[in-house]
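Peer 1: Need a 3D model of the following:
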Amino acid sequence: MLDITRNQWFAAGVVIVLLGVQFRMVESYELTPDATRILARQTGHPVASLNDTIESLTGRTQPMPRATLRPPEWLGWSLISLGSVLILHAMAMKKPD
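Peer 2: Numbering: from 1, shown residues only. Here you go, the predicted structure:
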C-alpha cells in the first residue's frame, strides 16, 4: 500500500491554504454561459428545459443568463485552518530516510 509522505502532506496543506485564501479574497464567481448551461441541466433548473425546448424548435440556442456563485465566508476560513493543520502535521512527521 502506498503511504503518504511528509512532502505530500505539506504540498496538500499548501494547496488547501492557497485555495482558502482565494475564497477569502474573491467575493463572487461569475460562470460562463456554457458552464451555466451545464449546471442548469445537472440541477434540473426550469430555464434549462425551456432553453432545450426552444433549441429543438428553432435550432438555435438562447443565451443563458450567467450564474453567479458566492461562496460563504466560513468556507475560506475552514480551508485555511485545514491546510494549516496539514502543514503542521507534515512538520511533525519524521524526515524521510
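
Peer 1: Can you list the low-confidence ranges for this structure?
Peer 2: The model of the chain has pLDDT under 70 over residues 45-64.

Peer 1: mind listing the strands for it?
Peer 2: 29-30, 68-69 (DSSP state E).

Peer 1: Residue 31 against residue 70, yeah?
Peer 2: No. Using CB atoms under 8 Å, residue 31 makes no contact with residue 70, being 11.8 Å away. Where you see a C-beta, it was placed from the backbone N, CA and C, and this is true even at glycine.

Peer 1: Which one's more surrounded, the two?
Peer 2: With neighbours defined as other CB atoms under 10 Å, residue 31 and residue 70 compare such that residue 31 has more, 15 against 9.

Peer 1: which non-adjacent residue is nearest the more buried one?
Peer 2: Leaving aside its chain neighbours, residue 31 sits nearest to residue 67 (4.5 Å; criterion: CB to CB, 6 or more residues apart in numbering).

Peer 1: can you tell me which residues contact the one you found?
Peer 2: With contact set as CB atoms under 8 Å, 6 or more residues apart in numbering, residue 67 has these partners: 30, 31, 35, 36, 39, 40.

Peer 1: Just the ones of those residues in helices?
Peer 2: Mapping the contacts of residue 67 onto helices (DSSP state H) picks out 35, 36, 39, 40.

Peer 1: Kindly supply the PyMOL command isolating those of those residues that are buried.
Peer 2: In PyMOL, a selection of the buried entries from the ones in helices among the contacts of residue 67 looks like this (16 or more other CB atoms under 10 Å):
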select buried, resi 36+40
